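Q: Pasting a predicted model and its sequence here:
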Amino acid sequence: MAILAEEVDGVIGVDTHRDTLAAAAVSPIGAVLASTDSPANARGYRRLLDFAREHVPGRRCWALEGIGSYGAGLAVFLDQAGERVVEVCRPKRLPNRGGRKTDMLDAIRAAKEALATEHLIQPRLRGEREALRVLLATRHGAVLASTAAINQLKALIVSAPDGLRAELRKLKRPAQIAYCAQLRDRPAQSLEHRMTARALRSTAQRIQALQAEAKDLEKDIHALVADMAPELLDLLGVGPITAAQILVSWSHQGRFRSEAAFASFAGVSPIPASSGLTNRHRLNRSGDRQLNRALHTITLIRMRLDPATKAYVARRITEGKTARDAQRCLKRVICRQLFKTLERIDRPALRSIVDLVQAA
């Protein structure tokens with residue numbers, strides 16, 4: 001792959017923040033041509049575009065930090081203006097505080113990093129993908145809050161007065177939640193009993209509300225996934241939540257140069273760990289951990305339900321691999337299948353997100 005310095009007349013590096021944007025124009029050989037800053041709003045975006053046209057009038061590229069957060073608005077504006085945009089990672093914190101650090105220096109570093117790297121990071125799409133991402137994040141928050149509330153309910157039951165605890169301990173968790181949500185104050189009981197019943201009722205009703213919210217969000221997610229990539233839902237072990245996470249991480253066709261790059265991004269590419277007469281690979285702890293989690297879920301389901309997968313794992317174990325290594329190999333195979341399926345998707349005409357949610 002050609003290095004960016006051979007393709008452009010200059011790069012505009014941008015360090016993004018909530019209220020301000022620092023930008024620097026850098027030549028292909030790394031010389032700083034000019035620098036500026038602007039507010040992080042529509043007026044500031046236009047000012048940066050004028051700055052780029054003035055100092056890099058020919059072929060240019062933008063190197064942005066934080067495209068998924070503070071740089072999202074600028075990235076959308078530049079895409080609509082027909083500008084080429086790549087994403088650069090934020091620098092790691094230095095072990096000591098002796099290095100220089102300013103927003104402008106970060107903007108220059110972003111431009112130089114884009115010029116030097118061999119594999120540029122394409123920004124993820126917004127639109128349907130962003131709709132899936134926000135729904136996934138909101139559902140994840142509801143599930144976490146529901147789990148915390150369930151743990152709180154269990155703790156309340158353990159320390160509840162004897163009479164109330166005896167009523168609840170013989171019930172299973174769904175029945176406990178339903179029973180507690182309907183508890184009423186009993187004036188004849190002690191203050192401790194009445195206040196504990198009130199706490200149990202409030203906590204149980206919170207659990208029910210959060211679980212209902214998570215189910216509603218899952219319906220919306222399923223509708224979006226079914227419209228964007230119904231082929232994913234036809235694969236064994238891929239449900240709406242797992243498919244949504246795969247689509248959010250993958251983003252769009254052509255973002256990854258190969259299925260090996262997608263596997264590396266997912267954290268399922270094998271890492272050599274050989275020494276002497278030992279020839280082996282170890283687990284990859286890097287990459288997109290949410291995508292890795294989705295692949296792990298698919299792997300567990302197939303190992304339990306799919307005869308072909310069971311035979312594959314058994315064959316790997318007979319070859320001398322451990323069960324963990326066999327599972328690592330299986331993740332790699334699944335990742336290859338998912339990538340080929342995603343790259344073959346024939347996207348239909350886009351519909352508005354409102355229509356999709358209403359159709360659910």
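A: It's in.

Q: Leaving out sequence neighbours, find the closest residue to Leu235.
A: Spatial nearest neighbour of Leu235, excluding adjacent residues (Cβ to Cβ, 6 or more residues apart in numbering): Thr341 at 6.9 Å. The C-beta positions use only the backbone N, C-alpha and C, and glycine is treated the same way.

Q: so where do the strands sit in the stretch 151-300 of the chain?
A: 271-272, 281-282 (DSSP state E, counting those that start in this stretch).

Q: Which of those strands has the lowest mean pLDDT?
A: Sorting the strands of the stretch 151-300 of the chain by mean pLDDT places strand 281-282 lowest, at a mean of 68.

Q: Name the residues of the lengthiest helix in the chain that are buried.
A: Secondary structure of the chain per DSSP state H: the longest helix is helix 191-228. For helix 191-228, the neighbour count (16 or more other Cβ atoms under 10 Å) marks 193-194, 196-197, 199-208, 210-211, 213-214, 217-218, 220-228 as buried.

Q: didn't Ser190 look like it was pressed against Pro161?
A: Yes - the criterion here is Cβ atoms under 8 Å, and Ser190 meets it with Pro161 at 7.3 Å.

Q: More neighbours: which of these two?
A: Pro161 (14 against 11; other Cβ atoms under 10 Å).

Q: Please report the distance of the closest residue to that one other than its chain neighbours from Glu167.
A: Closest residue to Pro161 apart from its sequence neighbours, by Cβ to Cβ, 6+ apart: His193 at 4.9 Å. Distance of His193 to Glu167, given as Cβ to Cβ, to the nearest Å: 11 Å.

Q: So the closest residue to Leu120 other than its chain neighbours versus Cys61, what's the distance?
A: Excluding the flanking residues, the one nearest Leu120 by Cβ to Cβ, 6+ apart is Val86, at 4.5 Å. To Cys61, Val86 is 6 Å away according to Cβ to Cβ.

Q: try Ala212
A: For Ala212 relative to Cys61 (Cβ to Cβ), the value is 47 Å.

Q: repeat for Ala114
A: Ala114 is 7 Å from Cys61, by Cβ to Cβ.

Q: likewise Ala243?
A: Taking Cβ to Cβ, one finds Ala243 at 33 Å from Cys61.

Q: Which one of those two is surrounded by more residues?
A: In terms of neighbours (other Cβ under 10 Å), Ala243 is the more surrounded of Ala243 and Cys61; the figures are 26 against 23.

Q: list the contacts for the more buried one?
A: Val225, Ala229, Leu232, Leu233 (Cβ atoms under 8 Å, 6 or more residues apart in numbering).

Q: burial count for the second one?
A: Counted by other Cβ under 10 Å, the residues lying close to Ala229 total 21.

Q: re the thing from before, mind listing the shared neighbours of Ala114 and Cys61?
A: Applying Cβ under 8 Å, 6+ apart, one finds that Ala114 and Cys61 are jointly contacted by Leu4, Val11, Val86.

Q: Where does pLDDT dip in the chain?
A: The chain contains residues with pLDDT under 70 at 1-2, 91-100, 275-282, 346-360.

Q: just the helices in it please.
A: Assigned by DSSP H, the helices in the chain fall at 42-55, 72-80, 103-116, 128-158, 162-169, 173-181, 191-228, 230-233, 240-250, 259-266, 289-305, 307-318, 323-344, 353-359.

Q: Tell me which of those helices sits nearest to Pro28.
A: helix 103-116 (6.5 Å; Cβ to Cβ).

Q: Ala24 against Ala31, yeah?
A: No - if you go by Cβ under 8 Å, Ala24 and Ala31 don't touch, sitting 10.8 Å apart.

Q: Tell me which of these two has more neighbours.
A: Ala24 (28 against 9).

Q: What's opposite the more buried one in the beta bridge?
A: The partner list for Ala24 in beta bridges (DSSP bridges) reads Gly13, Ser35.

Q: contacting residues around it?
A: Ile12, Gly13, Val32, Ala34, Ser35, Thr36, Met104, Ala107, Ile108, Ala111.

Q: cool, Ala212 as well?
A: So Ala212 contacts nothing (Cβ under 8 Å, 6+ apart).
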